[in-house]
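K.L.:
requesting a structural model of the entry that follows:
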Amino acid sequence: MNLDSHMADSEQNVPSAPRLPWEFHPALTEERLRICGRLLANARRDAVALAKYEMGDDSWSVGCRAYAFGKQRLKRAATSRVHEWLSVMDDSHHFVFLIEKVPVRFYRGFAEEPTVRTLRRQEAEAQQLGLALGIDEADGLVFRFAIETGVTGNVERVVFLALRGDEGYAECAWQVRLEMPAQHDKSGVQLRLIEDDGYTGPEIFQPQASAITFPTRSRRVKAR
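P.N.:
Numbers count the residues shown, from 1 in each chain. Here you go, the predicted structure:
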């Protein structure tokens, strides 16, 4: 076998090094990805804290609530204009938000195991990505936040992904550096990660004993 051709074949088989998010687009900075990651981590933390398993909550209901909470946190931060680069593109169930002009979605699951649903692109998302990156670069590409959780439902890791094609080949798998939330104490006090969107977390209802009053009916007295 020709040594030169063998070396050339070997070089072709060596996988290329994964790219960093900002190498796809300069809008995808570390600071911005960390802010989005913290918003999503906070949202799931609140959903887990509010779960009432004795009332019938399970991993499915908590997951639905966490997704809704994540959407709301991102929408609230976008509406407040605290971060001028953050906006919402699609407020439907197929929620898409923009980091400047770059469309991104999020899901709960392992970064290494994106599902067909995770890889599905809406037409508007694909068009927007083509405008942001160019048609050739955007071909078959999606940007996703993977929210990885443990057995208790709490966030263990957030990964920003650039996935391409029907198989979801990861051209980027960049772990978002987070300050993970402390465990909740028995009083149910909500502990924040970092002030991201001005929201301090859900208020825990504390029932208090109080006297029950009933409305009284006024009586009309006839004049004599």
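K.L.:
list the buried residues in stretch 49-65.
P.N.:
49-51, 62-63, 65 (16 or more other CB atoms under 10 Å). The way it works is simple: take the backbone N, C-alpha and C, and place the C-beta from them, glycine included.
K.L.:
ok, the most centrally placed residue in the chain - contacts?
P.N.:
The centre of the chain sits closest to Leu40, judged by CA atoms, centre = their mean, with a distance of 4.0 Å. Taking CB atoms under 8 Å, 6 or more residues apart in numbering, we find Leu40 in contact with 70, 73-74, 106, 145, 147, 155, 158.
K.L.:
out of the buried residues of stretch 49-65, what pair is the most spread apart?
P.N.:
Ala49 and Gly63 (14.4 Å; CB to CB).
K.L.:
spatially nearest residue to Val155 (excluding sequence neighbours)?
P.N.:
Ala41 (4.6 Å; CB to CB, 6 or more residues apart in numbering).
K.L.:
and for Leu86?
P.N.:
Ala78 (4.8 Å).
K.L.:
for that neighbour, what is the enclosing helix or strand?
P.N.:
helix 59-80 (DSSP states H and E).
K.L.:
what mean pLDDT does that helix have?
P.N.:
Averaged over helix 59-80, pLDDT sits at 94.
K.L.:
in the helix or strand following that helix, what's buried?
P.N.:
Per DSSP H and E, the first helix or strand lying C-terminal to helix 59-80 is strand 86-90. Buried residues in strand 86-90, counted by 16+ other CB under 10 Å: 86-87, 89-90.
K.L.:
so Phe160 sits against Phe145, correct?
P.N.:
Yes - with contact defined as CB atoms under 8 Å, Phe160 counts as touching Phe145 (5.9 Å).
K.L.:
how close does Pro18 sit to Arg164?
P.N.:
Going from Pro18 to Arg164 by CB to CB, to the nearest Å gives 12 Å.
K.L.:
overlap of the contact sets of these two?
P.N.:
Glu171.
K.L.:
sec struct for Val159, please.
P.N.:
Going by DSSP: H, G, I helix; E, B strand; the rest coil, the secondary structure assigned to Val159 is strand.
K.L.:
OK, contacts around it?
P.N.:
Contacts of Val159 (CB under 8 Å, 6+ apart): 111, 145-146, 148, 173-176.
K.L.:
which residues of the chain fall in strands?
P.N.:
Counting by DSSP state E, the chain has strands at residues 86-90, 96-99, 102-108, 141-149, 155-164, 169-175.
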